[in-house]
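Student: requesting a structural model of the entry that follows:
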Amino acid sequence: MSPERIRLPSALRAASVVSEPAEVYTRRLWAAELAAAEQRGHKRGHAEALARYADTIQKVVEGVEDAGERAVEGLAARTAVLVAAVSSQVLRQELEAGRYNIERMVRDTLATAATGRSPCTVRVHPDDAQKLAAVPFRSGTSVEADSEVAPGCVQVESAHGLVVREIEEILRQLRANLERVGP
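Tutor: Numbering: from 1, shown residues only. Next up, the predicted model:
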């Protein structure tokens, strides 16, 4: 190499002697710069993808949470229906077997009727009327057998009106209350 003077646009800070041709050296520098730029691009692309997909992942998580809440609500409603069905079945079996306290049912119905000391007529199924024959009630209260009244049902008639306690209506109210409480 001949010693020639090279004029540089700025002061030289560092220099190194390279033992390879300038073209090879330049290609190697460009390849290194290209690899570094490619790596920076991958990192930036990765960061952008994470940012873009983070929003999608958040939406998926929210969707799963919403679906879980709806499933719980549906489960509660189905549980309420199941509880009502089981209660109905058990109650019917107890009524058919005669395992119920008709005296307490009549007294509860009288209290609901709020007849006070007014005379009233209690109508019950003939089998229930037999069970109540020896039960003392306040004066003015008479118990009558009525074959139109189902076992376990009570009707109280007074000057204030008619109060009916029917098992089927109680079961309907139970189902409605359970379904309302469910979700």
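
Student: in this structure, where is pLDDT below threshold?
Tutor: Scanning the chain for pLDDT under 70 picks out 1-3, 6, 8, 12-15, 181-183.

Student: spatially central residue for it, please.
Tutor: E73 (2.4 Å; CA atoms, centre = their mean).

Student: so what touches the host helix or strand of R123?
Tutor: Element membership for R123, per DSSP states H and E: strand 120-124. With CB atoms under 8 Å, 6 or more residues apart in numbering as the contact definition, strand 120-124 has outside contacts at 102, 106, 109-110, 113, 132, 137, 140-146, 149, 153-158. For every residue, glycine as well, the C-beta is placed using N, CA and C.

Student: how far away from the center of its chain is the lengthiest helix in the chain?
Tutor: Using DSSP state H to define each element, the chain has its longest helix at helix 22-97. Its chain's average C-alpha position is 20 Å from that of helix 22-97, according to CA atoms, centre = their mean, to the nearest Å.

Student: quick check: phi and psi at G161.
Tutor: G161 adopts backbone torsions of phi 130, psi -160, taken as degrees, to the nearest 10.

Student: what packs against the longest helix of the chain?
Tutor: Here helix 22-97 touches helix 167-181, going by 3 or more CB pairs under 8 Å, 6 or more residues apart in numbering; DSSP states H and E.

Student: which residues touch the helix it packs on?
Tutor: By CB under 8 Å, 6+ apart, the residues outside helix 167-181 that reach it are 77, 80-81, 83-84, 87-88, 91-92, 95, 150, 152-153.

Student: Produce a ChimeraX select command limited to the buried residues of these.
Tutor: Command for ChimeraX, covering only those of those found buried under the criterion 16 or more other CB atoms under 10 Å:
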select :77,80,84,88,91,95,152,153
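
Student: ok, the contacts of helix 167-181 vs V64, which is closest?
Tutor: Distance to V64 across these (CB to CB) is lowest for A77, with 20.5 Å.

Student: how close does the closest one get to E179?
Tutor: Separation of A77 from E179 (CB to CB, to the nearest Å) stands at 6 Å.

Student: equivalent analysis for A133, please.
Tutor: Counting by CB to CB, the gap from A133 to E179 is 40 Å.

Student: re earlier: quick check: neighbours of the strand holding R123 in the sheet, parallel or antiparallel?
Tutor: Sheet partners assigned to strand 120-124 using DSSP bridges are listed as strand 141-145 (parallel), strand 154-158 (antiparallel).

Student: buried residues, it. List them.
Tutor: Using 16+ other CB under 10 Å as the test for burial, strand 120-124 gives 120, 122-124.

Student: and what of stretch 141-150?
Tutor: Across stretch 141-150, burial judged by 16+ other CB under 10 Å covers 141, 143, 146, 149.
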